[in-house]
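Peer 1: next come a sequence and a model predicted from it.
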Amino acid sequence: MRRVFVALAGLQMLAILAQFYFAGVGAFDKPQSDDSFALHGTTGMMVIPVLSLLITVVATIVKAPGRLIGLSIAPFGLVIVQMLIIILGRALDDATGNSTTASLAILGLHAVNGLAIMAVSGQVLAGARKFAFAGETTPKNVTAPVS
């Protein structure tokens, strides 16, 4: 079951890397449409939160250290922060729906928070690997006896 923990943490890291890729695809799509960020939105609103919840459940089942369980749920909380950043940023647009300096300053935090999600997920993956493979040893330079 500990290997499932590692596999889910790795899958979450891949989803986050894909999330950055999808953001780039959406940003460079010409012409921009409502669908430009569809994959980015789906991954961020569905895939990453579900994986974070699953990882937290598995971490609890395998009796991971409390800090690692807490880190496992952190991406879920940071995704909620992502949504709040978007809501606040859009609320600061002008009356015609165009960005203002204030809205751009807030919306820029979306990318910074995305990096925080990636950093925390990297810590979860590293912690899951360390926890799952604790005590396992690999043979060091096994050589045949010289006769």
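Peer 2: In hand now; what should we look at?
Peer 1: quick one: low-confidence parts of the chain?
Peer 2: The chain contains residues with pLDDT under 70 at 135-147.
Peer 1: that one: helices as residue ranges?
Peer 2: Ranges of helices in the chain, per DSSP state H, are 2-28, 38-42, 48-61, 66-91, 101-107, 109-132.
Peer 1: what's the burial count for residue 20?
Peer 2: 15 (other C-beta atoms under 10 Å). Placement of C-beta: from N, CA and C, glycine included.
Peer 1: that one contacts residue 117, doesn't it?
Peer 2: No. If you go by C-beta atoms under 8 Å, residue 20 and residue 117 don't touch, sitting 10.0 Å apart.
Peer 1: what residues does the nearest residue to residue 91 once chain neighbours are set aside make contact with?
Peer 2: Spatial nearest neighbour of residue 91, chain neighbours left out: residue 103 (7.8 Å); criterion: C-beta to C-beta, 6 or more residues apart in numbering. Residue 103 sits next to 89-93 when contact means C-beta atoms under 8 Å, 6 or more residues apart in numbering.
Peer 1: mind checking which of the residues you listed are buried?
Peer 2: For the contacts of residue 103, a neighbour count by 16 or more other C-beta atoms under 10 Å gives the buried set as residue 89.
Peer 1: out of the contacts of residue 103, which comes closest to residue 130?
Peer 2: Nearest to residue 130, judged by C-beta to C-beta, of the contacts of residue 103 is residue 89 at 37.3 Å.
Peer 1: wait, doesn't the closest one sit right on residue 106?
Peer 2: Yes. With contacts counted by C-beta under 8 Å, residue 89 reaches residue 106, the gap being 4.1 Å.
Peer 1: pull the number of nearby residues for residue 7.
Peer 2: 14.
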